[in-house]
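Q: Any chance you can model this:
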Amino acid sequence: MTADPAAPLSDQERAVLAVERRSWSGPGAKERAIREQLGISPVRYYQLLNALLDDRRALAEDPVTVNRLRRVRDARRGRR
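A: Below is the predicted model:
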(Lines give C-alpha, C1' and ligand atoms only; values in the text may rest on other atoms or scores of the structure.)
Protein backbone atom coordinates (compact mmCIF):
# COMPACT_ATOMS: atom_id res chain seq x y z
CA MET A 1 0.00 0.00 0.00
CA THR A 2 1.39 3.40 -0.90
CA ALA A 3 -0.63 5.41 1.58
CA ASP A 4 0.94 8.22 3.58
CA PRO A 5 2.10 6.56 6.83
CA ALA A 6 0.84 9.55 8.81
CA ALA A 7 -2.62 9.51 7.22
CA PRO A 8 -5.43 7.70 9.03
CA LEU A 9 -7.03 4.61 7.53
CA SER A 10 -9.86 5.28 5.11
CA ASP A 11 -13.44 4.38 5.96
CA GLN A 12 -13.20 1.47 3.52
CA GLU A 13 -10.01 0.18 5.15
CA ARG A 14 -11.65 0.36 8.58
CA ALA A 15 -14.69 -1.46 7.20
CA VAL A 16 -12.47 -4.27 5.87
CA LEU A 17 -10.95 -4.72 9.33
CA ALA A 18 -14.44 -4.67 10.86
CA VAL A 19 -15.56 -7.50 8.57
CA GLU A 20 -12.58 -9.54 9.72
CA ARG A 21 -13.49 -9.04 13.38
CA ARG A 22 -16.87 -10.71 12.86
CA SER A 23 -17.63 -14.42 12.93
CA TRP A 24 -19.60 -15.89 10.06
CA SER A 25 -22.42 -18.41 10.36
CA GLY A 26 -22.29 -20.34 7.11
CA PRO A 27 -20.73 -20.69 3.71
CA GLY A 28 -21.13 -17.62 1.57
CA ALA A 29 -22.26 -15.32 4.39
CA LYS A 30 -19.00 -13.39 4.50
CA GLU A 31 -18.81 -12.99 0.72
CA ARG A 32 -22.43 -11.81 0.64
CA ALA A 33 -21.70 -9.26 3.37
CA ILE A 34 -18.62 -8.04 1.49
CA ARG A 35 -20.72 -7.34 -1.60
CA GLU A 36 -23.66 -5.83 0.27
CA GLN A 37 -21.86 -3.80 2.95
CA LEU A 38 -18.70 -2.76 1.14
CA GLY A 39 -19.94 -2.78 -2.45
CA ILE A 40 -16.84 -4.59 -3.75
CA SER A 41 -16.10 -8.08 -5.00
CA PRO A 42 -14.59 -10.64 -2.64
CA VAL A 43 -11.46 -10.71 -4.83
CA ARG A 44 -10.96 -6.96 -4.36
CA TYR A 45 -11.72 -7.31 -0.65
CA TYR A 46 -8.96 -9.88 -0.17
CA GLN A 47 -6.53 -7.72 -2.16
CA LEU A 48 -7.27 -4.80 0.17
CA LEU A 49 -7.07 -7.02 3.24
CA ASN A 50 -3.71 -8.46 2.23
CA ALA A 51 -2.31 -4.96 1.71
CA LEU A 52 -3.67 -3.89 5.11
CA LEU A 53 -1.82 -6.72 6.84
CA ASP A 54 1.43 -5.07 5.78
CA ASP A 55 0.28 -1.54 6.69
CA ARG A 56 1.55 -0.16 10.00
CA ARG A 57 -1.52 2.05 10.27
CA ALA A 58 -3.78 -1.03 10.28
CA LEU A 59 -1.61 -2.63 12.96
CA ALA A 60 -1.95 0.50 15.08
CA GLU A 61 -5.73 0.64 14.48
CA ASP A 62 -6.50 -3.01 15.26
CA PRO A 63 -3.45 -4.97 16.48
CA VAL A 64 -5.40 -8.04 17.61
CA THR A 65 -7.09 -8.60 14.25
CA VAL A 66 -4.03 -7.74 12.16
CA ASN A 67 -1.70 -9.98 14.16
CA ARG A 68 -4.20 -12.87 14.05
CA LEU A 69 -4.53 -12.55 10.29
CA ARG A 70 -0.76 -12.28 9.84
CA ARG A 71 -0.35 -15.56 11.75
CA VAL A 72 -2.96 -17.23 9.54
CA ARG A 73 -1.30 -15.89 6.39
CA ASP A 74 2.15 -16.97 7.53
CA ALA A 75 0.88 -20.47 8.40
CA ARG A 76 -0.63 -20.80 4.93
CA ARG A 77 2.69 -19.78 3.41
CA GLY A 78 4.44 -22.45 5.47
CA ARG A 79 6.14 -20.12 7.94
CA ARG A 80 6.14 -20.29 11.70
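Q: element containing Asp4?
A: For Asp4, there is no host helix or strand (DSSP states H and E).
Q: Going by residue numbers, what spans are helices in this structure?
A: Remark: helices assigned in the chain by DSSP state H are 11-21, 29-33, 42-53, 56-61, 63-76.
Q: could you give the mean pLDDT of the third one?
A: Helix 42-53 shows a mean pLDDT of 96.
Q: try the longest one
A: With pLDDT averaged residue by residue, helix 63-76 scores 95.
Q: what's the nearest residue to the most centrally placed residue in the chain if we skip its chain neighbours?
A: Centroid-nearest residue in the chain, with Cα atoms, centre = their mean: Leu49, separated by 3.3 Å. Residue nearest to Leu49 in three dimensions, not counting chain neighbours: Val16, with 5.4 Å by Cβ to Cβ, 6 or more residues apart in numbering. (C-beta placed from N, C-alpha, C; glycine too.)
Q: Report how many residues lie close to the one you found.
A: By other Cβ atoms under 10 Å, 23 other residues sit near Val16.
Q: Also Val19?
A: Number of residues near Val19 (other Cβ under 10 Å) recorded here: 17.
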